[in-house]
Structure formats: structure tokens, C-alpha cells
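Colleague: sequence first, predicted model second:
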Amino acid sequence: MNSRAEAGRGGKNVRSDCLVAIELLDSGGITIDLRSKVETLYGRSIRAMVEEMLAFYTITDARIVVEDSGALPYVLAARIEAAVRRLRPEETREFLLPARPGIALSTARDRFRRSRLYLPGNDPKLAINAGIHEADGIILDLEDSVAPAEKDAARLLVRNTLREVDFMGAERMLRVNQGAPGMEDLRMLIPQGPNLVLIPKVEEAVQVRDVYTLIEDLRQRHGITHDIHLMPIIESARGALFAYDIATAAPSVVALAIGLEDYTADIGAERTLEGRESFWMRGAVLNAARAAGVQAIDTVFSDVNDMDGLYASVREAASLGFDGKGCIHPRQIAVVHRGFAPTEQDVEKAKRIVLAFDDATRRGLGVVALGSKMIDPPVVKRALRTIDLAVRSGVLSQTWKEEVQA
Amino acid sequence: MSAERVINAAGREVLTEINGLPAVPYQGVGAYKPAGRKAAPPVSSCADYPSDGNKVLPGLREALINAGLRDGMTISSHHHFRNGDLVANQVFDIAAELGVKDLRWFPSAAFPCHEPLIKHLESGVIHHIEGSMNGPLGDYASSGRMRGLGVLRSHGGRYQAIQDGEVHIDIAVIAAPTSDPFGNCNGVNGPSACGGLGFALADSQYADKVIVVTDNLVPFPCVPWQLQGNHVDSVVVLDKIGEPEKIVSGTTAITKSPDRLLIAELTARFCDAAGIVRNGFSFQAGAGGTALSFAIFLRDMMRERRIKARFVRGGSTRYLVDMLEEGLTDYILDGQTFDLAGVQSMRDNPRHIHTNPFVSYNYHGKGNVASMLDVVVLGATEVDVQFNANVVSHSDGRLLHGIGGWQNCLFSKCTILPIPSFRDRIPVIVDKVTTLCGPGELIDVIVTERGIAINPLRQDLIDATRNSGLPIRSIEALKDEVESICGGAPDKPQFIDNYIAAIKWVDGTVIDMVKQV
């Protein structure tokens, strides 16, 4: 057994995180060596948490060094727990702070998923205020953005983030690791009630079914009543080929997403701005998603300074039929929403259909007609969705019906 | 006379005597109006000065000896070079060589480049500083090692103190990027050009002795002459007086933080919803990253709707200069200059008005330009539920910033503080500010990333923005949310019961005091 372990990050350029080092001793009780920029304001509270957690883990003799750069309590707790677990690999007890009330969410299969903001799972700085940017979804990433040696610490931090941080209505999403580590991720994190799990590098339906089976089992055991949706990510030639099987592998799949970085490498192409090399694949995934009745989500746009380029890329994705785009910076979110906003023409058409539908309902008619044309129910549903999107995108007033009647 | 502790009108404990002189406790906004006549410099006679107009002396040492430098004097200097000043440190090095003690340094602002002055505070050459103290000087004063009390004044308050005689300057040392031998000088020309020299205007008019220090001597006349040689006793030429590239301190770059950008955007949208953004309006945005970003969002809004401002108050920056050149504002009123594009434009574009704290802010002026501004956007380290704000100290009580024009700008028609609701784990919205710099009755709106709080005194703004779709919340709700995120209400700093600095209100009264940490 190790007698010393540490977790977290410290140093001059670190913000909102801390480095916790625990050294087990044979005697002498607990000594806490705290260096914190918030010593004056929260030094007492930090020491109290360290003591409470050591008592929880029945550590009686140890020296603890906390180098704190303004970590919030849930971050500090995750780092202490990670250090303890590194000392004691067999430790399974979870130290859970009270969950913040009102942040859990239940989301519909077909809700808007125009923007999903990726956050590196092991960096608390970006997660704390992520909700204010009004993305449709926020992805806590445990996969590519987390170094292999930090997967354990990231899992604890993400767990505490799900319990504490208010994403203000954004869908709470996880991108888990592939294979066995991904199953570990799910075992720890499904009990915290995320809304959606992104499964990376999916090439065959069985990968989705394994995740689905485990999630359903965990949902039952932990009494989670809301749906936990799945979004497989297609990022290989094989994945693209089996996209329809993947989309229909489990009833909780709500969307297929695309990862182009790995795909272009897989097919031996060079990634270009125009994306000719991935055109077939995007079309194939989109078609499979539509055939399976799920959403299709396009890849990320990686130049965070090029907002015009991003907008053009979103417009292109929207015109191809995609429902959403990944975001790697909060400032991309508003541009993505603008890009997915319906055109004026679409809105006008949808308004006429919705008004005709209202009129038919009021008069107790079974069929909706616009002029001499009959309107099918799916068209009405689509028009309602267009109106909803227009209002969300800020191109249509919430009170448009009153304005029409006035 | 002895210093008593009394509670002022803001409920803060203050001393009735500061550095041996009587001090008036704060009485409320606009309540204190001293009577009498303004201060004046000694009568001088032109017969005492060279008839050829050449006042150049061989060096700063000679000029200081010529000005009669001796123990206990008040020496002033200015912050036109911000963190690139090369003159003030030399003044006190010379004073030390001459064996002079107990000087009072009265800068318009001090910067981290003045850290070497700590050795002169330690050795007794400088008794104390009356001016902003940040960085190393702030830590020095906060630790209680300075002999006298620091006195922090706003830019307008500094002018007020000079004008009503609260501070008498014995020797003003003015670093001027271009001067003629008579002492006419400006800040817009020369290798060290820094923009205006407005902060030195009062010193040039009211000090007993005035020394102009330049590294660009031109034949008479120096055009334009921002300061007049008639006030100047001697001129000194040095190799280099400042590093103009350092006038761009860290605070004058646009923020890249997505959260701050959102705050800036919300601020611009608030101004729009409140009906402030209309043809002929005016605004001032300071040098902080969020304030600059606000100006950019405002610019885009003005462009789109073809709205033009009548004037913008600088410090000029590249962004304001672009707006001027694009025709989005008729004029820029410059108090200081924040970057080199601003300096160049002040030199080349006649649509800059070179102002000074007298024109803009002075309590003893017959009116106040700051109160004519439609909207002002400022920073703060803390704001409390009464809308009181702190701009000079950290939440843990250490001195951090000067006041600058901050207090003076609070008199605008709409004062907005765009600030994060917490920084890391440091709450910014608190129940009571650590140090009071601005009374809540003058602070109208707080814009944070978690919502906008409008001062209940501004029912007009509450009504105007009711259906704007903006996230308007009560300041108490914001404070509660911040505390729930940061892990409860923060502990109060434990001070040592020893005052180290006084915070003056714009009228010269003491609004709060800072204790040793």
C-alpha cells in the first residue's frame, strides 16, 4: 500500500482547482498544511471539510497538504476523495456532499439538441459557469480530454459536478470511455441521473446494447425514473457502414453524432475545410439517423476564433438536414443557434399552418386545410416545431399569435 | 488635537484626524460644501526668470535643489505613463542622496513600477504616500509598515484637495514627452508620447515649484502646449522619461473569457432595453477587459441601427478611436490614454477633447461633466446588497487598486457595474463590502453572469426593462446564489486594529478607512 498520494492540480496558472497530497503516518494525528488564496474567507471551511472527510475514511494519522487556487467545495471534496482512493485502491465508499436541489432534469427524446458544449471532465474551471451560456446540452467528457492517469480523478469530479453544478436547463450529458473503463464510468455516474450518454467510437450495435443494458440495470437499482438517452458517436469507416444498426440497437438511442477527426484518419484522408473527404460519411450517418427516426448531430468546428466560418459551417450542416453541432467554446453556442434558426420563409409557412390548425380545432374539424390543400398531422407537428425553434432562436416573438390577431 | 473614532453618515468608523490634520467624516452625497476661497500658489515675478525664456537646468538633482527640496515637503508626480514611469523613482533616489527625510509623495496614481520606493519608505526619505497604492506598495501599506496613513482619493478628489487647500504641493515634478525651454509642454509628441497631461494640470497651477522633465526638448513654442510654461520653474532633459508601450497595462485588453464576454453583452443589451442607446447619447467605459468588450458590443449595436453618440469619454483606446473614425461618435473626451493608438489619434485627430480632472470631475467646479453622461460602465471588487461598492481592496482587506475616476463617474445618469458574481471562490456580491468606496444610492445596475440587479431606487430602469427578456433578479437573490455556490457566507477578514489608509469621498470627507491585515 502506498503511504503517499496526491490528486488535483496546483500552481500559478491553475484556477478553481486544488492539489491535495495525503501522507499516511503511524502516529501524530492529523496535520493540515493549507495554502489558499481564499484563506481569509474560507480557510476555516476548507479545514473543516478536510477533517470531516478524513474522519469519514477513518484516517487518523496523516499529513495533508492542500494547495488551493480557489476550488469550490465540491471540487475540493472530489480531489480529497481521489487522493484517498489512490492511497487505498480497494476503497469503494463515496463521500457525497448534499446534492443541490432543483438541478436534476428530465428531457424528452426529441428535444432540441442544436448545441452541445464539450467540457473536459477533469477541469472544474470551465464547468462552474457553463450553464449561463444556454447550450441545449453540456457534455462532461471523460474520454479524449482526460489523460489516462487522471481517469479516476475525473470520474469523481464529474460525479460531484452532476450533483452540484446547475446547468440551467441544458441537458446533462456524459461522454464515457470505450470498453471496460466506460462501464466503470457508468457505474459511478448513472446514479447521479445524467440525461444522455455519448458512446464514443461505436462500430457495431453490440457496443450500444451493452451500454443500454448496464444503464437500465443501474436505473432500476438506483430508482432513476427519468429517461437516460443514448447518442452513439460514429467516427470510423465501419461505424459509418453500420450506422442504421447502431441507431436502432437500443430504444433509448435518440441521435447519432459524428466525429470526423478519427474518421478521416481511419479512411486515410486528409481533413480539409470543405470536407469533401467526409461528405459520403456525413450523408450516410444522416440517412441512417433519419431512417431510424433519431436526430443527426454534426461534428465540431474547431477554429474558435472564426465565427464567420462557424456560421457558414452550421448553415451547411442545417441545409444537409443535421439537427445539431458540437461546440468546443461557449461563444460558439449563440452562433450555432443562429445557424439553426428557421428562415423567415419557413416561419411564415409554419405560422399559416399552425393558425389553420388552431382554426380547425376551434371549429371541431377533423381535417386541417390551408386554402384548398389538406394538411397532414406530421406537417402540423413539423410546423409547431419550426415555430418553437423560431421562438427559441429569437427570430419570432413568443406572443406572435396575439400580434397576428391584433 | 487628537484623533477620535466616529461613525460617519455611511455607518463606517473613521478618524477625525489624518496625518496630523483634521478630517471631516463623510456626511452623505452632496451634503458637504466647504466655504472660503480656493488655495493659490505664491506670487511670482517674471523678473526672477531668465528673459530669454530658457529655464533648462543641467539635471533633476539641480532642479530639486533649486526648488528648495527639504525635509517634510510634499512632492507630486503623475501617472500618464502608468506602469512605464521612469521619473518618480529618480526623484526620491536624489532626495535620499541629499539626505532629505519625511517627504510626502502625492502621485496621481502609483503602479507596480514604483516598488523601488519601498526602500525610501523604510529608510525614512518618504514618510507616507497619498495616492493609489496597488501591487507591492499596497501590500506594504496593508502590512502596517508605512509611517503615516495612506490617503486614497479619486482623480476628481485629488483636484478638489489641491484646490481647497487640503493638500499643498511644494514641488510638482511633471514628466512631459515634449517641452520647450520655457516649460510649455505636451504629451502627444516625442519618442515617449503618452497622450494627455491632464492629471498634472492642478499641480502646475497650484504647486509652489514646478519642474518639467522631458526627453524631447523642442525650441519655443512647443505646440500644442497642454500645460503652460508660465507655471514652470525649471526644465530638465533626461535620456528617457517613460516607456510608452507600458501605458498599456494589463487592464486595457479585450477579455477572452466567455463569461466576461457574456456579462459585457448583457450590459450592452441592458443599455438598449433601458432606452439609453439612441442618437446623441454619451457613454464612458473604463479600461478593464469587460468594459472594453462592452464598448465593442455597443459599437456593433450602434452600427446595425445607425445610431451615433455625441461624445464618448476615454481614456482613448484603439476601439474608441475606430468608433470615432467610423463616425459612430462626434467626439472623444480624453482624461487619459490607454494605448498607443489612442495617443496617435489624440495627436492627429482634432475630434479629441483633451480634458483633465477639473473639467470632468472636480467637486469644486461649477458643474460636473460626469453627471452629464448617459451611461458609465465601471468595475468593482465587491458590491453589497445595498449596492455599495468597493474598488480599492481585496475581499480579504489588502489594498489592491486606486480609486481613479471611479467615484467621480458614479454621478452619471446610469452607473452600471458589470462584474462576475464570484471569482474562483471569492464572492463579489456580498452582504457588506469590506471597504466602502461608492455609496449604493449612486450605483444603479449590477450586471453579473447570473443575472442583472437593478437598484430599487431606479424604478424607471426597472419599468423600462421589465419585458426585455433580460435576466433581472434581486441583488439578494444573487447574493444567496453566490453564497450557496461558494460554500456559505465567507468569513470576515480579521484586521489588526490599526488604521493604515483613509478613503476619501469626492468632496474630501472620509467615507471609510482601511485597517492593517
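Modeller: In hand now; what should we look at? The structure presented is a predicted model; accordingly, all values stated were derived computationally and were not measured.
Colleague: the residue in the stretch 151-300 of chain B that chain A sits nearest to - how many residues pack around it?
Modeller: Here the stretch 151-300 of chain B gets closest to chain A at one residue, residue B:258, 3.8 Å apart by C-beta to the nearest C-beta. (C-beta placed from N, C-alpha, C; glycine too.) Per other C-beta atoms under 10 Å in any protein chain shown, the neighbour tally for residue B:258 reads 21.
Colleague: now do residue B:452, the pLDDT please.
Modeller: pLDDT for residue B:452: 98.
Colleague: does it touch residue B:473 like I think?
Modeller: Yes. With contact defined as C-beta atoms under 8 Å, residue B:452 counts as touching residue B:473 (6.9 Å).
Colleague: tell me which of the two has more neighbours.
Modeller: residue B:452 (25 against 16).
Colleague: tell me the bridge partners for that one.
Modeller: residue B:447, residue B:472 (DSSP bridges).
Colleague: so who does residue 97 touch?
Modeller: By default, I'm working from chain A. By C-beta atoms under 8 Å, 6 or more residues apart in numbering or on different chains, the residues touching residue A:97 are A:73-74, A:77, A:160, A:163-164.
Colleague: oops, wrong one, chain B.
Modeller: Contacts of residue B:97 by C-beta under 8 Å, 6+ apart are residue B:61.
Colleague: residue A:215 too?
Modeller: Residue A:215 neighbours (C-beta under 8 Å, 6+ apart): A:186, A:190, A:197, A:228, A:230, A:252.
Colleague: helix, strand, or coil at it?
Modeller: Judged by DSSP: H, G, I helix; E, B strand; the rest coil, the three-state class of residue A:215 is helix.
Colleague: please identify which residue in chain A comes closest to chain B.
Modeller: residue A:70 (2.6 Å).
Colleague: now that residue: closest residue in space that isn't a chain neighbour?
Modeller: Closest residue in space to residue A:70, ignoring its immediate chain neighbours: residue B:424 at 2.6 Å, by C-beta to C-beta, 6 or more residues apart in numbering or on different chains.
Colleague: now swap in residue B:380 and tell me
Modeller: Residue B:380 sits nearest to residue B:389 (C-beta to C-beta, 6+ apart), 4.3 Å away.
Colleague: how much space between the one you found and chain A?
Modeller: Computed as C-beta to the nearest C-beta, to the nearest Å, the residue B:389 to chain A distance reads 18 Å.
Colleague: rewinding a little: these two touch, right, the residue of the stretch 151-300 of chain B closest to chain A and residue A:329?
Modeller: Yes. Proximity of residue B:258 to residue A:329 meets the contact threshold set by C-beta under 8 Å, at 6.7 Å.
Colleague: does residue B:296 touch residue B:319 like I think?
Modeller: Yes. Between residue B:296 and residue B:319 there is a contact at 6.1 Å, judged by C-beta under 8 Å.
Colleague: more neighbours, these two?
Modeller: residue B:319 (21 against 18).
Colleague: could you say what helices and strands the helix or strand hosting the more buried one packs with?
Modeller: Per DSSP states H and E: residue B:319 is located in helix B:318-326. Helices and strands touching helix B:318-326, by 3 or more C-beta pairs under 8 Å, 6 or more residues apart in numbering or on different chains; DSSP states H and E, are helix B:289-305, strand B:309-313, strand B:329-334, helix B:340-348.
Colleague: just to revisit the earlier point, test my guess that the residue of chain A closest to chain B contacts residue A:38.
Modeller: Yes. Residue A:70 is in contact with residue A:38 according to C-beta under 8 Å; the separation is 5.8 Å.
Colleague: so what sits against both of the two?
Modeller: Joint contacts of residue A:70 and residue A:38 (C-beta under 8 Å, 6+ apart) are B:424-426.
Colleague: could these be laid out in TSV, adding neighbour count, pLDDT and secondary structure?
Modeller: Shown next, in TSV, are the shared contacts of residue A:70 and residue A:38 (neighbours: other C-beta atoms under 10 Å in any protein chain shown; pLDDT from 0 to 100; DSSP: H, G, I helix; E, B strand; the rest coil):
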residue	neighbour count	pLDDT	secondary structure
B:424	18	92	coil
B:425	28	96	coil
B:426	22	96	strand
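Colleague: nearest to residue B:485, out of the residues you listed: which one, please.
Modeller: The shortest gap between residue B:485 and any of the shared contacts of residue A:70 and residue A:38 belongs to residue B:425, at 8.6 Å (C-beta to C-beta).
Colleague: may I have the beta-bridge partners of residue B:512?
Modeller: residue B:503.
Colleague: one step back: indicate which one of the helices and strands packed on helix B:318-326 is closest to residue B:194.
Modeller: So among the helices and strands packed on helix B:318-326, helix B:340-348 is nearest, using C-beta to C-beta, at 6.3 Å.
Colleague: contacts for the next helix or strand after that closest one, please.
Modeller: Once helix B:340-348 ends, the next helix or strand along the chain (criterion: DSSP H and E) is strand B:352-354. Residues outside strand B:352-354 that contact it (C-beta under 8 Å, 6+ apart) are B:196, B:198, B:226, B:311, B:314, B:316, B:324, B:331-334, B:345-346.
Colleague: circling back: residues contacting the residue nearest to residue A:70?
Modeller: A:15-16, A:37-38, A:69-71.
Colleague: switch to 10 Å and redo it
Modeller: A:15-17, A:37-38, A:68-72, A:125, A:128, B:486 (C-beta atoms under 10 Å, 6 or more residues apart in numbering or on different chains).
Colleague: mind listing what residue 341 touches?
Modeller: Using chain A. So residue A:341 contacts A:114, A:314, A:318, A:347, A:389-390, A:392-396 (C-beta under 10 Å, 6+ apart).
Colleague: let's do chain B instead
Modeller: The contact partners of residue B:341, taken as C-beta under 10 Å, 6+ apart, are B:248, B:316-322.
Colleague: backbone dihedrals for the residue of chain B found nearest chain A, please?
Modeller: Closest residue of chain B to chain A, C-beta to the nearest C-beta: residue B:424 (2.6 Å). With angles defined as degrees, to the nearest 10, residue B:424 shows backbone torsions of phi 50, psi -110.
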